[in-house]
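K.L.:
I would like to see how this sequence folds:
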Amino acid sequence: ANGQRALRRGAGSGAGDVSGFSAEWLALREPVDAASRNPELTARLIAWRQRFATFSVLDLASGTGANFRFLAPLLGREQHWRLVDHDPTLLARNGAYWPTAGTDRGQRQSLCLDLASDWESLDFQAVQLVTASALLDLVSADWLERLAQRCWAAHAAVCIVLSYDGALVWEPALTGDEPVRKWVNRHQRRDKGFGPALGPWAAPEFKTMLERWGYRVALCPSPWQLDAEQGALQTALLEGWVDAASEMAPDSRSGLHDWALRRRALIEQGVSRLQVGHWDLWAEPS
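P.N.:
As a prediction, this is how the structure comes out:
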């Protein structure tokens, strides 16, 4: 359960544990996630989907269903989705929604399951796509290796987006930005319930794993570009990162407090810009 809670925290947003991964946090980040996805890899997924009359999708750590809402209208025709998350409250936020634009018909199943301990009981058979968003940086190498093996055994394509890559770039720059980034990235490597997390190194490592299983893999950047319009999201990230940095460097809390006050003032003035680096991954079985 502890590991699955980590999946539903803001660590997967782009570093640091942010705001508890409530439904409100997921709603705050959803439009930015959608705008940040790499269009080339989305196009490859759409092309892969055209091979199948009926398309079956397994969506891991689905939360309130943002990945489903983004992809289902693009994939079109008949689709079968299984949305997997440990939190029944988040799964219930999916409601009865089915995006009809571009979709002939579809089925959707919500499955409450702890991916840290029970995910291997999932049925991967007859799945054409395994997908997730903001997941890889929270899990361990061993967990990812098992996932790669299960995807290969099912001959499923893999599309996992918005994995944090370790880059945090604020404008205007302040003294303290780089120490905070380093502390946050160290925090990302802590055990989230799946063993030692790979953090910013997860997406490149998963690419290597999938290639060893015979996949053709593309890894492309999908950074968040946040400006004044995303002030609320910047503030939520700032608060989470200060908490994470304080855990890693408790002797620096006074300096962190001063840094955060200056950062918050820039956000409130509408002059703060923030880039958070992410990777999108697409893998197609040979």
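
K.L.:
surely Val161 touches Pro223?
P.N.:
No: using C-beta atoms under 8 Å as the test, Val161 is too far from Pro223 to be in contact (11.9 Å). C-beta here means a position set from N, CA and C on the backbone, and glycine is covered the same way.

K.L.:
more neighbours, the two?
P.N.:
Val161 (28 against 18; other C-beta atoms under 10 Å).

K.L.:
in the protein, which spans are strands?
P.N.:
54-60, 78-85, 106-112, 129-133, 157-171, 215-221, 224-226, 273-285 (DSSP state E).

K.L.:
tell me which of the ones you listed sits most buried.
P.N.:
Scoring the strands of the chain by mean neighbour count under mean count of other C-beta atoms under 10 Å gives strand 129-133 as the most buried, with a mean of 25.

K.L.:
now for Asp142, how many residues are close by?
P.N.:
Asp142, neighbours per other C-beta under 10 Å, totals 11.

K.L.:
how much space between it and Arg264?
P.N.:
39 Å (C-beta to C-beta, to the nearest Å).

K.L.:
overlap in contacts, Val161 and Pro223.
P.N.:
Shared contacts of Val161 and Pro223 (C-beta atoms under 8 Å, 6 or more residues apart in numbering): His278.

K.L.:
ok, longest helix in this structure?
P.N.:
Criterion DSSP state H: the longest helix present in the chain is helix 231-248.

K.L.:
show me where the stretch 1-150 of the chain dips below the pLDDT cut-off.
P.N.:
1-21, 95-105 (pLDDT under 70).

K.L.:
mind running it again at 80?
P.N.:
Residues of the stretch 1-150 of the chain meeting the criterion pLDDT under 80: 1-22, 94-105, 119-120.

K.L.:
among the strands of the chain, which is nearest Glu30?
P.N.:
strand 129-133 (9.6 Å; C-beta to C-beta).

K.L.:
let me know the angle separating that closest one from strand 273-285.
P.N.:
170 degrees (axes from the mean of the first three to the mean of the last three C-alpha atoms, to 10 degrees).

K.L.:
just the CA trace of strand 129-133, in CSV.
P.N.:
Provided in CSV are the C-alpha atoms of strand 129-133 (Å, rounded to 0.1, in the frame of the first residue of the first chain):
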residue,chain,number,x,y,z
LEU,A,129,-1.0,-1.6,-25.6
VAL,A,130,0.4,-1.1,-22.1
THR,A,131,0.4,2.5,-21.1
ALA,A,132,1.0,4.8,-18.1
SER,A,133,1.7,8.4,-17.3
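
K.L.:
run the angle between it and strand 157-171 for me.
P.N.:
Orientation check (the same axes, to 10 degrees): strand 129-133 against strand 157-171 gives 20 degrees.

K.L.:
outside of strand 129-133 itself, list whatever touches it.
P.N.:
So strand 129-133 is in contact with 12, 33, 45, 48-49, 55-62, 66-67, 71, 124, 147, 150-151, 154, 156-162, going by C-beta under 8 Å, 6+ apart.

K.L.:
OK, contacts around Trp259?
P.N.:
174-177, 180, 242.

K.L.:
rerun at 10 Å
P.N.:
174-177, 179-180, 238, 242, 245, 252 (C-beta atoms under 10 Å, 6 or more residues apart in numbering).

K.L.:
from Thr64, how far off is it?
P.N.:
In terms of C-beta to C-beta, Trp259 sits 32 Å off from Thr64.

K.L.:
what do you get for Arg263?
P.N.:
For Arg263 relative to Thr64 (C-beta to C-beta), the value is 28 Å.

K.L.:
same thing with Ser22?
P.N.:
Ser22 is 10 Å from Thr64, by C-beta to C-beta.

K.L.:
who has more neighbours, the two?
P.N.:
Using other C-beta under 10 Å as the criterion, Ser22 and Thr64 rank with Thr64 on top: 24 against 16.

K.L.:
please look at the more buried one and Leu91 and confirm they touch.
P.N.:
Yes: with contacts counted by C-beta atoms under 10 Å, Thr64 reaches Leu91, the gap being 7.8 Å.

K.L.:
list residues touching both of these two?
P.N.:
Common neighbours of Thr64 and Leu91 (C-beta under 10 Å, 6+ apart) are 83, 85.

K.L.:
span of stretch 111-123 from start to end?
P.N.:
Start-to-end span of stretch 111-123 (C-alpha to C-alpha, to the nearest Å) is 12 Å.

K.L.:
contacting residues around it?
P.N.:
If you take C-beta under 10 Å, 6+ apart as the criterion, stretch 111-123 is touched by 1-7, 58-62, 82-92, 130, 132, 135, 138-140, 143, 146-147, 150, 154, 192-195.
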